[in-house]
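S.K.: Pasting the sequence and the predicted model now:
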Amino acid sequence: GYIYNTMVHAPKGTASSSTGLCKGKTGVGKLSGVAALFSEKALNDLDEMCFQKTGVPESDFEAIDSAEEACTRNKHDIKQVREACASVSELTRDDCIYDMCSQGSEIAVEVAKAAANMYDLELQEKAGDDELVEEMA
């Protein structure tokens, strides 16, 4: 999802060796030291927002593996969520579904549409850069 989520673009070598308080193929871990992708201040801000303000101890954190699980835990109907996100580009539809299951808010649809537009612009700019490189060659 995109709400309360950060997307990090990192080279494969960096991404596979990174850890974090997020669900991944190797489980849940916490970023620390020089391996962290965020500044110490950003990590402290995330800790405050995610744990201190919510009253959920980090030791009780349980990662959610799917939108369906998020819907179940938050008592949202996955079918209704999928219908609400049907108008979203395929590029970000799964994120819309996950966010709506997590938050239950229609704003997830608008956020997912905006993210899809952002990606489309990036792809168009990249295509333009590639064409320019080919012209210069």
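M.R.: It's in.
S.K.: Every contact and neighbour count from this point should use C-alpha atoms.
M.R.: OK.
S.K.: My guess is Asp95 contacts Val111. True?
M.R.: No: Asp95 lies out of contact with Val111 (C-alpha atoms under 8 Å); the separation is 9.3 Å.
S.K.: The two: which is more packed in?
M.R.: Legend: neighbour count by other C-alpha atoms under 10 Å for Asp95 and Val111, higher for Asp95 (23 against 19).
S.K.: Spell out the residue ranges of the helices in this protein.
M.R.: 12-17, 40-47, 67-74, 78-84, 90-103, 107-136 (DSSP state H).
S.K.: So which of those is the most surrounded?
M.R.: Burial of these is given as mean neighbour count (mean count of other C-alpha atoms under 10 Å); helix 90-103 ranks first at a mean of 23.
S.K.: List the contacts of that helix.
M.R.: Contacts to helix 90-103, defined as C-alpha atoms under 8 Å, 6 or more residues apart in numbering, come from residues 1-3, 66-68, 70-71, 74, 76, 78, 81-82, 85-86, 88, 105-106, 108-109, 111-113, 115-116.
S.K.: how much does that helix deviate in direction from helix 107-136?
M.R.: Put simply, helix 90-103 runs at 150 degrees to helix 107-136, going by axes from the mean of the first three to the mean of the last three C-alpha atoms, to 10 degrees.
S.K.: so helix 90-103 versus helix 67-74, what angle?
M.R.: 20 degrees.
S.K.: average model confidence for helix 90-103?
M.R.: Per-region confidence: helix 90-103 scores 86 on mean pLDDT.
S.K.: give me the low-pLDDT residue ranges for this structure?
M.R.: Low-confidence segments of the chain, defined by pLDDT under 70: 1-36, 128-137.
S.K.: Switch the helices of the chain over to CSV; also include distance to Ser59.
M.R.: Shown next, in CSV, are those (distance: least, C-alpha to C-alpha, whole Å):
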stretch, distance to Ser59
helix 12-17, 22
helix 40-47, 12
helix 67-74, 19
helix 78-84, 28
helix 90-103, 20
helix 107-136, 28
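S.K.: who wins for proximity to Phe61 among those?
M.R.: Phe61 sits nearest to helix 40-47 of all the helices of the chain, at 11.9 Å, using C-alpha to C-alpha.
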